[in-house]
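Peer 1: sequence and predicted structure, then a few things I'm wondering about:
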Amino acid sequence: MAPSATSTTLITQRNREDLALSKTLHGTTFNEENHQASFLTKLKQKDREFQPAVVDNYLKNWKEEQPENETEEAKAERQSAYKAVANSFYDLATDFYEYAWGTSFHFCRFRPREPFQQAMARHEHFLAANMGIQPSFKVLDIGCGVGGPAREIGHFTGAHITGLNNNDYQISRARRYAHTFGLQDRSDFVKGDFMNMPLEDGSYDACYAIEATVHASTLEGVYGEAYRILKPGGVFGCYEWVMTDKYDATNPEHLRIVRGLEVGNGVAKMMTRKDCLQALETVGFTVEKHQDMGETEDKIKWYYPLEGDIRQANAFWDYLTVLRTTTAGRAATTYMVRTLEALGLAAPGSTKVSTILQTAADSVLEGALLGIFTPMYFFVARKPLDATN
Ligand SMILES: CC(C)=CCC[C@@H](C)[C@H]1CC[C@H]2C3=C(CC[C@]12C)[C@@]1(C)CC[C@H](O)C[C@@H]1CC3
């Protein structure tokens with residue numbers, strides 16, 4: 001069902017509030033003329049009172065220190081706050097991501113001697129090719145970040161891409177990048193909640209999500225919306241963040257890693273591989289392909305930039321990427337941010353953000369090394385041709 005008139009008014013009202021909050025936090029860095037500002041300028045320009053409040057509010061979503069002591073009620077409360085969790089996380093983390101990683105916020109596989117940006121693009125092409133995206137297609141990118149994958153897949157396939165995102169700061173950046181890179185005529189960006197998409201039933205030929213639907217409160221909710229907006233016969237492709245079958249929900253060590261994945265990445269609840277396949281089936285998709293792309297014989301593992309194996313870097317820019325993302329590089333960033341904050345050259349709260357991101361990297365790496373986590377559970381699913389909706 002498309003949203004009713006009352007819910008549309010409510011959505012418009014919330015969107016205005018979100019935008020006002022985002023503009024307050026980012027200060028002048030939200031403005032068009034500061035789009036290209038350096039990371040250091042962005043750290044300095046954030047609102048000095050508002051940023052620490054956003055950080056503290058974000059962390060309050062995990063009140064109980066020991067994950068095994070957390071009540072079902074507390075977990076449910078966080079799940080229902082999924083929107084605020086993800087929105088405040090990306091308000092805080094986006095500048096750090098762009099500084100260290102680029103404009104495509106996901107992991108990828110690597111071939112020997114393959115430069116980082118090329119590998120990232122190949123990962124996006126792999127998804128688009130497996131989905132069979134054609135130039136005539138109308139495609140939705142669910143949780144589009146600042147639009148890196150939408151631009152790459154748009155150029156690669158020739159299709160029209162709509163990016164859907166609930167974070168105003170990221171949407172404004174995605175729109176400006178689309179202009180800079182000449183894709184403004186074949187892309188647009190819509191502000192909205194992917195659990196309640198402001199889009200018509202049966203209006204897209206294809207949709208995809210790259211490491212984004214993990215921010216939903218339930219996978220049935222977001223996959224159900226993907227199903228609704230697709231035309232009969234439409235295709236949904238995804239790289240999903242999930243806990244693998246090796247994950248044991250009674251193991252305190254595993255629970256600690258899950259907690260790190262959640263706090264460090266703006267995730268209200270990590271789901272399992274089984275939850276993912278079950279949700280696709282429940283909402284009516286036919287699963288055509290599914291595979292953990294992280295569990296391969298690849299010589300160079302997808303997590304190498306976080307692990308810090310600088311020998312795998314292949315291009316000049318890769319050395320800079322790896323230097324920023326390794327354990328030492330991450331610690332150096334936090335040290336730099338702490339010093340800048342003490343000198344008044346970075347807004348208060350910046351060091352806490354850097355520390356939250358350290359937790360992200362540590363838990364991603366620990367989960368990967370134990371084989372209990374993958375950020376690239378790949379699937380292609382189809383809405384049946386005879387679906388009535
Ligand atoms: C959050 C989700 C669902 C997906 C994003 C995946 C990755 C792009 C990020 C996961 C961990 C992130 C970290 C950084 C960049 C983006 C990620 C790799 C940093 C390297 C950014 C700079 C900080 O100083 C350290 C961060 C570590 C974690």
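Peer 2: Thanks, I have the structure now.

Peer 1: hey, let's count contacts and neighbours off CA atoms from now on
Peer 2: Noted.

Peer 1: give me the contacts around the worst-scoring helix or strand of the chain on mean pLDDT.
Peer 2: One helix or strand of the chain scores below all others by mean pLDDT, DSSP states H and E: helix 5-26, with a mean of 77. The contact list for helix 5-26, computed with CA atoms under 8 Å, 6 or more residues apart in numbering, reads 30, 42, 45-47, 50-51, 91, 167-169, 191.

Peer 1: dump those residues into JSON lines; add pLDDT and secondary structure as well.
Peer 2: Shown next, in JSON lines, are the contacts of helix 5-26 (pLDDT from 0 to 100; DSSP: H, G, I helix; E, B strand; the rest coil):
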{"residue": "30", "pLDDT": "87", "secondary structure": "helix"}
{"residue": "42", "pLDDT": "93", "secondary structure": "helix"}
{"residue": "45", "pLDDT": "92", "secondary structure": "helix"}
{"residue": "46", "pLDDT": "93", "secondary structure": "coil"}
{"residue": "47", "pLDDT": "92", "secondary structure": "coil"}
{"residue": "50", "pLDDT": "91", "secondary structure": "helix"}
{"residue": "51", "pLDDT": "94", "secondary structure": "helix"}
{"residue": "91", "pLDDT": "96", "secondary structure": "helix"}
{"residue": "167", "pLDDT": "96", "secondary structure": "coil"}
{"residue": "168", "pLDDT": "95", "secondary structure": "helix"}
{"residue": "169", "pLDDT": "96", "secondary structure": "helix"}
{"residue": "191", "pLDDT": "96", "secondary structure": "strand"}
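
Peer 1: can you pull the residues of the stretch 201-350 of the chain lying near the ligand?
Peer 2: By CA under 6 Å from any ligand atom, the part of the stretch 201-350 of the chain that sits against the ligand consists of 211-212, 265, 325, 330, 333.

Peer 1: buried ones in the least confident helix or strand of the chain?
Peer 2: Buried positions in helix 5-26, judged by neighbour count with 16 or more other CA atoms under 10 Å: 11, 15, 18-19, 21-26.

Peer 1: equivalent analysis for stretch 62-79, please.
Peer 2: For stretch 62-79, burial by neighbour count (16+ other CA under 10 Å) applies to 62, 67, 75, 78-79.

Peer 1: hmm, which of these is lowest in pLDDT?
Peer 2: Scanning the buried residues of stretch 62-79 for pLDDT, the smallest score is found at residue 67, 90.

Peer 1: dump the residue contacts of that one.
Peer 2: Residue 67 neighbours (CA under 8 Å, 6+ apart): 255-256, 259.

Peer 1: most neighbours among these, please name it.
Peer 2: Using other CA atoms under 10 Å as the neighbour test, those are led by residue 259, with 24 neighbours.

Peer 1: just confirm that one is within a helix.
Peer 2: Yes: assigned with DSSP: H, G, I helix; E, B strand; the rest coil, residue 259 falls within a helix.

Peer 1: skipping adjacent residues, who's closest to it in space?
Peer 2: Ranked by CA to CA, 6 or more residues apart in numbering and with sequence neighbours excluded, the top spatial neighbour of residue 259 is residue 67, at 6.6 Å.

Peer 1: measure the one you found to the ligand for me?
Peer 2: Distance from residue 67 to the ligand, counting by CA to the nearest ligand atom, to the nearest Å: 20 Å.

Peer 1: would you mind measuring from that residue to residue 218?
Peer 2: 20 Å (CA to CA, to the nearest Å).

Peer 1: what does residue 301 give?
Peer 2: According to CA to CA, residue 301 and residue 218 sit 29 Å apart.

Peer 1: go on, residue 62?
Peer 2: From residue 62 over to residue 218 the distance is 18 Å, taken as CA to CA.

Peer 1: residues touching residue 156, list them.
Peer 2: Going by CA under 8 Å, 6+ apart, residue 156 touches residue 125.

Peer 1: surely it is in a strand?
Peer 2: No: assigned with three-state DSSP, residue 156 falls outside any strand and is helix.

Peer 1: tell me the pLDDT of it.
Peer 2: In this model, residue 156 is scored at 97, pLDDT.

Peer 1: any idea how far it is from residue 150?
Peer 2: According to CA to CA, residue 156 and residue 150 sit 10 Å apart.

Peer 1: quick revisit: narrow the residues of the stretch 201-350 of the chain next to the ligand to those in helices?
Peer 2: 265, 325, 330, 333 (DSSP state H).

Peer 1: residue 250: neighbour count?
Peer 2: 9.

Peer 1: likewise for residue 389?
Peer 2: Count around residue 389 with other CA under 10 Å applied: 15.

Peer 1: compile the contacts of helix 5-26 into JSON lines and extend it with columns for neighbour count.
Peer 2: Putting the contacts of helix 5-26 into JSON lines (neighbours: other CA atoms under 10 Å) gives the following:
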{"residue": "30", "neighbour count": "21"}
{"residue": "42", "neighbour count": "21"}
{"residue": "45", "neighbour count": "17"}
{"residue": "46", "neighbour count": "25"}
{"residue": "47", "neighbour count": "19"}
{"residue": "50", "neighbour count": "16"}
{"residue": "51", "neighbour count": "22"}
{"residue": "91", "neighbour count": "20"}
{"residue": "167", "neighbour count": "28"}
{"residue": "168", "neighbour count": "25"}
{"residue": "169", "neighbour count": "27"}
{"residue": "191", "neighbour count": "21"}
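
Peer 1: thank you, goodbye.
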